[in-house]
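Asker: 3D, please:
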Amino acid sequence: QVHLVESGGGLVQTGGSLRLSCAASGIKFSGYVMGWFRQAPGKEREFVARILWSSGNTYHADSVKGRFTISRDNAKNTVYLTMNSLKYEDTAVYYCAAGSSWSASEKAFNSWGQGTQVTVSS
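Answerer: Below you'll find the model as predicted:
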């Protein structure tokens, strides 16, 4: 059974940084795609970034490109989202997800964490 646990959220000022972690278990990592999504109040959940576990290939949404970086630590079975130059509009619940397709669609991810709140004060 796949189990994903996010951590690292919190309150930060505009321009600040945070690093989110997603500890994964129950996954055969080879061939898996790990992703980060976010959902702001009153909005639909949106794709943020994804990484192919085996190769480390990454893809970031245009809204976060150059500010956020997804990475993974094979030894710790953990995926990270390093967020710099945070903006008020980055405020959301951030979710870690796992799937087997190289896609930004939520439907491509079949396992989800519980989410961690990121609040950016203006």
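
Asker: can you tell me the helix or strand for the closest residue to residue 72 other than its chain neighbours?
Answerer: Spatial nearest neighbour of residue 72, chain neighbours left out: residue 79 (4.8 Å); criterion: Cβ to Cβ, 6 or more residues apart in numbering. C-beta coordinates here come from the backbone N, C-alpha and C atoms, glycine included. Using DSSP states H and E, residue 79 sits within strand 78-83.

Asker: sec struct for residue 94, please.
Answerer: Three-state assignment for residue 94 (DSSP: H, G, I helix; E, B strand; the rest coil): strand.

Asker: Let me know how buried the residue nearest to it when sequence neighbours are not counted is, in neighbour terms.
Answerer: Nearest in space to residue 94, with sequence neighbours left out and distances taken as Cβ to Cβ, 6+ apart, is residue 38 at 4.8 Å. Look at residue 38: counted by other Cβ atoms under 10 Å, it has 24 neighbours.

Asker: Quick check: phi and psi at the residue nearest the centre of the chain.
Answerer: When Cα atoms, centre = their mean is applied to the chain, the residue found nearest the centroid is residue 36 (2.4 Å). The phi and psi torsions at residue 36 (degrees, to the nearest 10) take the values phi -120, psi 130.

Asker: can I assume it is in contact with residue 98?
Answerer: No. Using Cβ atoms under 8 Å, residue 36 makes no contact with residue 98, being 11.0 Å away.
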